[in-house]
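Asks: Model the following, please.
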Amino acid sequence: MSEPENGQNAVTGGQGRSPVRGSTIRRQLILASLFPLAIFGLLSILVTSVALYQVTLRLALQGNMAEVREAVNDLAKIAVGPPFLSSNDMLGILRSLNAENGSRLYLVNENGELLSSSNPELTSLPLSNDEMQAFIQAGKPAGWLRISSNSGDEAIISFAPLLAVKGGVVLEEPWTAILAPAFYYQLVLAGLLALGTILSLYMLSLSLARVIRPIAELADSAIQAVPGSVFRPMTEQGPAELQELIRAFNQMVIRLAEQQGTLRQFAHKALLSQEEERQRLSHELHDGTVQDLVGLAQRVELCRSEMERDPEQARRRLDELQGLVEQTLNDVRRISNALRPSILEDLGLSVALQSLCSDLEKQMSSVHCGYAVSGQQRRLPPDVELAVFRVVQEALVNIHKHALNAAHVQVELTFREEDIQAVIRNDGSTFPDPDVRSLVRTGHLGLAGMYERARLFHGELDIVADPGGGTTVTLRLPSAAAE
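Replies: As a prediction, this is how the structure comes out:
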């Protein structure tokens, strides 16, 4: 992944976003919203239908009772008696009431017997004789929703007593004819609820698209943000939570790009440093150890030639040969200890660090290097001991290279229950607080390596420069970090 370019909003390089499989967030949320909306719509239709039914029934009863009373008033203007009104007369009165189609008008006597009706084919009343007797005995207008015995369907049946003579008028109006307008309004209501549900789902889909689109772009950017690609920060869009998520994603990718750049630089510098170290070891072996071995071979030849001719000279040659062998052995041991300190494996971390302090005093005669150990000493995992040894070694090497004016160096090793701590202090020259990326760019791989060793074992490394002079390096590693 490359560094961010110009703060623009796109991602180039990498592979395209793979198709999303399974149910999407939008589909799941719409389906989840559809169920309560449908339940709410059905309940609304049910409650409205029941309420409309009751209101229609009440109004129909009131209207029919008013109509039957008006029919009684019309009959009062006509002499009612034998011969009774004909069906045509009854039909005319019914038409004057503007009753619905299918309505019927009946004239009954005080015994509940049919005298005349608006339909000559009807020979019976829509109610039973007991019900008619109850109407007549009550002597006042009344109305009910009943099953008509003539049609077998529900009908509003109203009764009003005559004023001049005993008997009364019965008005029958089909319930379906009354309910037809209300049914129409029910269909309109159902249509409006369905339309409202569709519009709600559509608005929900638009709102979800506003949320999901940035998420899809974020997923696409995450897929394409592969090593080697060019990352451009995304535009912060959508709700506040999504903007915060996109902002965090941009910062994360930028930090990853910086870390990858730092790692590439570190790897490059480490490779160069490795080659330089190999070259140094080659020169040191060639100019030191190899030359000593060549001189050793020459002195062996001289001893062999002088063994019989001049034994005393041969003994002097052997003394020189012994000194050269010891010097060569010391050089080889020094190179071996630099590559892998055997004292660390044999005697432990505490003795190995004390040896480093002694070596620094030999290399810098003007420096006093104090050493102190506290806590319960114990052997740690080999990798942890080596990490502590290398960090302390690098800190002392830096003092030797960059703090030549230092007079006092103090190394403290503390064994604690959960971790181990090493502190290296000196009173020499200071430097600004280091940054790993700047250290790598300027080629200070020693300090960068110290930081990386601490991170490798989940530890911490702090380098604090005192403005008055002196530097303190503090390393803390968990005791079981190698596990």
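Asks: for residue 461, what are its contacts?
Replies: Neighbouring residues of residue 461 by Cβ atoms under 8 Å, 6 or more residues apart in numbering: 391, 450-451, 453-454, 473-476. All C-beta atoms are positioned from the backbone trio N, CA, C, and that covers glycine.
Asks: Residue 170 falls within a strand, correct?
Replies: Yes - counting by DSSP: H, G, I helix; E, B strand; the rest coil, residue 170 is part of a strand.
Asks: Show the average pLDDT along the host helix or strand of residue 307.
Replies: If you go by DSSP states H and E, residue 307 is part of helix 291-309. Computed over helix 291-309, the mean pLDDT rounds to 72.
Asks: And stretch 348-364, by the same measure?
Replies: Averaged over stretch 348-364, pLDDT sits at 89.
Asks: Please work out which residues outside that stretch touch it.
Replies: Residues from elsewhere that reach stretch 348-364 (Cβ under 8 Å, 6+ apart): 341, 343-344, 367-371, 373, 377, 379-380, 385, 388-389, 392-393, 396, 399-400, 404, 406, 409, 411, 413, 422.
Asks: Would you write a ChimeraX line that selects the buried entries of those?
Replies: To isolate the buried ones among the contacts of stretch 348-364 in ChimeraX, judged by 16 or more other Cβ atoms under 10 Å, type:
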select :341,343,344,367,369,371,380,385,388,389,392,393,396,399,400,406,409,411,413,422
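Asks: rewinding a little: buried ones in the helix holding residue 307?
Replies: For helix 291-309, the neighbour count (16+ other Cβ under 10 Å) marks 292, 299, 303, 306 as buried.
Asks: Residue 414 belongs to a strand?
Replies: Yes - according to three-state DSSP, residue 414 belongs to a strand.
Asks: Return the distance of the helix of greatest length in the chain from the chain's centre.
Replies: Using DSSP state H to define each element, the chain has its longest helix at helix 25-76. Taking Cα atoms, centre = their mean, to the nearest Å, one finds helix 25-76 lying 47 Å from the centre of the chain it belongs to.
Asks: what mean pLDDT does that helix have?
Replies: Averaged across helix 25-76, the pLDDT comes to 79.
Asks: returning to that earlier point: among the contacts of residue 461, which ones are in strands?
Replies: Among the contacts of residue 461, the members falling in strands are 473-476 (criterion: DSSP state E).
Asks: Throw those into JSON lines and include distance to residue 257 and neighbour count, thanks.
Replies: Below are the ones in strands among the contacts of residue 461 laid out as JSON lines (distance: Cβ to Cβ, whole Å; neighbours: other Cβ atoms under 10 Å):
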{"residue": "473", "distance to residue 257": "30", "neighbour count": "23"}
{"residue": "474", "distance to residue 257": "30", "neighbour count": "16"}
{"residue": "475", "distance to residue 257": "29", "neighbour count": "25"}
{"residue": "476", "distance to residue 257": "29", "neighbour count": "19"}
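Asks: Go through those and say which is closest to residue 137.
Replies: Using Cβ to Cβ, residue 476 is the member of these that lies nearest residue 137, at 106.8 Å.
Asks: Let me know the helix or strand that residue 158 is in.
Replies: Going by DSSP H and E, residue 158 is in strand 154-161.
Asks: What separation is there between the residue positioned nearest the centre of the chain and residue 215?
Replies: A centroid search over the chain (Cα atoms, centre = their mean) returns residue 245, at 8.8 Å, as the residue closest to the centre. Counting by Cβ to Cβ, to the nearest Å, the gap between residue 245 and residue 215 amounts to 8 Å.
Asks: What of residue 473?
Replies: 46 Å.
Asks: Also residue 190?
Replies: Counting by Cβ to Cβ, the gap from residue 190 to residue 215 is 37 Å.
Asks: got it, and residue 57?
Replies: For residue 57 relative to residue 215 (Cβ to Cβ), the value is 54 Å.
Asks: where in the stretch 51-200 of the chain is pLDDT low?
Replies: 76-91, 94-101, 164-165 (pLDDT under 70).
Asks: now the strands for it?
Replies: Using DSSP state E, counting those that start in this stretch, the strands of the stretch 51-200 of the chain run over 104-108, 114-117, 142-147, 154-161, 168-174.
Asks: Is it possible to get TSV of those that adds mean neighbour count and distance to residue 61?
Replies: Formatted as TSV, the strands of the stretch 51-200 of the chain follow (neighbours: other Cβ atoms under 10 Å; distance: least, Cβ to Cβ, whole Å):
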stretch	mean neighbour count	distance to residue 61
strand 104-108	25	17
strand 114-117	18	21
strand 142-147	16	4
strand 154-161	24	6
strand 168-174	25	10
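Asks: Now tabulate these in a markdown table and tack on distance to residue 352.
Replies: Shown next, in a markdown table, are these (distance: least, Cβ to Cβ, whole Å):
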| stretch | distance to residue 352 |
| --- | --- |
| strand 104-108 | 120 |
| strand 114-117 | 126 |
| strand 142-147 | 107 |
| strand 154-161 | 106 |
| strand 168-174 | 111 |
